[in-house]
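>>> Got a sequence here, can you build the structure:
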Amino acid sequence: MSDASASPDTRTAVIAAALDLFAARGFEATSVEQIAQAAGVSRSTFFRQFGGKDDVVFADHELLLDRAREWLAKGHADPWEAVCRASLDVYRHFAADPDLARRRYTVVRGVPALRDREIVTVFRYERLFDEYLRGALPGLDPVDAVGFSAAVTAVHNHVLRRLLRGSKRVPASTLRHALDGVRRRFGVLADDAAGEDEVVVAVFPKRMPLAEISRRLRDRIED
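Numbers count the residues shown, from 1 in each chain. Take a look at the predicted model:
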């Protein structure tokens, strides 16, 4: 469990020192003592702040998940937008220091155990969004809740990987535009003037099978 009371500067210094050592010596060959010494903190301070050397790599995510949970708990007039705002907040955090984010990405990519934990961490964001939408929108089809949450998370990760794998900044507006696309596809983008031209009105006999109605609509939309 990380120590949320630690100052941001101290936490960042420890994380940066750990990533430097992981890159130079390898994750397995780096000890907590070495990290603490390089960061200028005691071993006990390190454990109070993080808990283990793998926790250093994911420390930001723990804070960001807590922050997203607090944000969503405030209640919002547009729950779909609230989820997107939470995603943007996470992205802005890493985009603010792309060099540190890229160093973390390099370490994670090279250690199978860290890659597995990253997958679990991504799912935690998705589950948080899914549970929030179900609570904020009683009666919402669970498929829609999980589908939207998965889409937001996937789009977020796609844009973030562009930042991490490249050498240039990828502004938050790139993610904002992509998330608007997700909301548009789900039909929940408020005041979407562009969507007015995408309305399809059709009339079918009540006895027509639903599968045939879907097929005809799909053919017309794809024309």
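>>> Just the element for residue 116, please.
Per DSSP states H and E: residue 116 is located in helix 112-136.
>>> buried sites along that helix?
Using 16 or more other CB atoms under 10 Å as the test for burial, helix 112-136 gives 114, 117-118, 121, 125-126, 128-130, 132-134, 136. For the C-beta atoms, the positions are set from N, CA and C on the backbone; glycine is no exception.
>>> Among these, which one lies nearest to residue 168?
Taking CB to CB as the measure, residue 168 sits nearest to residue 118 out of the buried residues of helix 112-136, at 22.9 Å.
>>> distance of that closest one from residue 124?
Separation of residue 118 from residue 124 (CB to CB, to the nearest Å): 11 Å.
>>> picking that back up, now what about the helix holding residue 116, what contacts it?
The set of residues external to helix 112-136 that reach it, using CB atoms under 8 Å, 6 or more residues apart in numbering, is 27, 54, 57-58, 61, 65, 68-69, 72, 75-76, 79-80, 82-83, 86-87, 90, 107-109, 140, 142, 144-146, 148-150, 152-153, 156-157.
>>> which of the residues you listed are buried?
Buried by 16+ other CB under 10 Å: 27, 54, 57-58, 61, 65, 68, 72, 76, 79-80, 82-83, 86-87, 90, 107-108, 144-146, 148-149, 152-153, 156-157, out of these.
>>> Number of residues surrounding residue 63?
Residue 63 has 15 neighbours, counted by other CB atoms under 10 Å.
>>> Please read the previous query as pertaining to residue 219.
Residue 219, neighbours per other CB under 10 Å, totals 9.
>>> secondary structure element for it?
According to DSSP H and E, residue 219 maps onto helix 210-222.
>>> same question for that helix, mean pLDDT?
Here helix 210-222 scores 73 as its mean pLDDT.
>>> cool, stretch 67-77 as well?
Mean pLDDT, stretch 67-77: 94.
>>> which residues are contacting that stretch?
With CB under 8 Å, 6+ apart as the contact definition, stretch 67-77 has outside contacts at 82, 83, 85, 86, 89, 90, 125, 128, 129, 132, 136.
>>> The first one is in what secondary structure piece?
When elements are assigned from DSSP H and E, residue 82 belongs to helix 79-95.
>>> Tell me the helix or strand right after that helix.
For helix 79-95, the following helix or strand on the C-terminal side (DSSP H and E) is helix 98-109.
>>> for this protein, which spans come out with low pLDDT?
In the predicted model of the chain, residues 1-8, 191-200, 209, 212, 222-223 satisfy pLDDT under 70.
>>> mind running it again at 80?
The model of the chain has pLDDT under 80 over residues 1-10, 190-205, 207-209, 211-216, 218-223.
>>> Need the nearest residue in space to residue 204, chain neighbours excluded.
Nearest in space to residue 204, with sequence neighbours left out and distances taken as CB to CB, 6 or more residues apart in numbering, is residue 213 at 5.1 Å.
>>> is it true that that neighbour touches residue 206?
No: at 10.2 Å, residue 213 and residue 206 do not qualify as touching, with contact defined as CB atoms under 8 Å.
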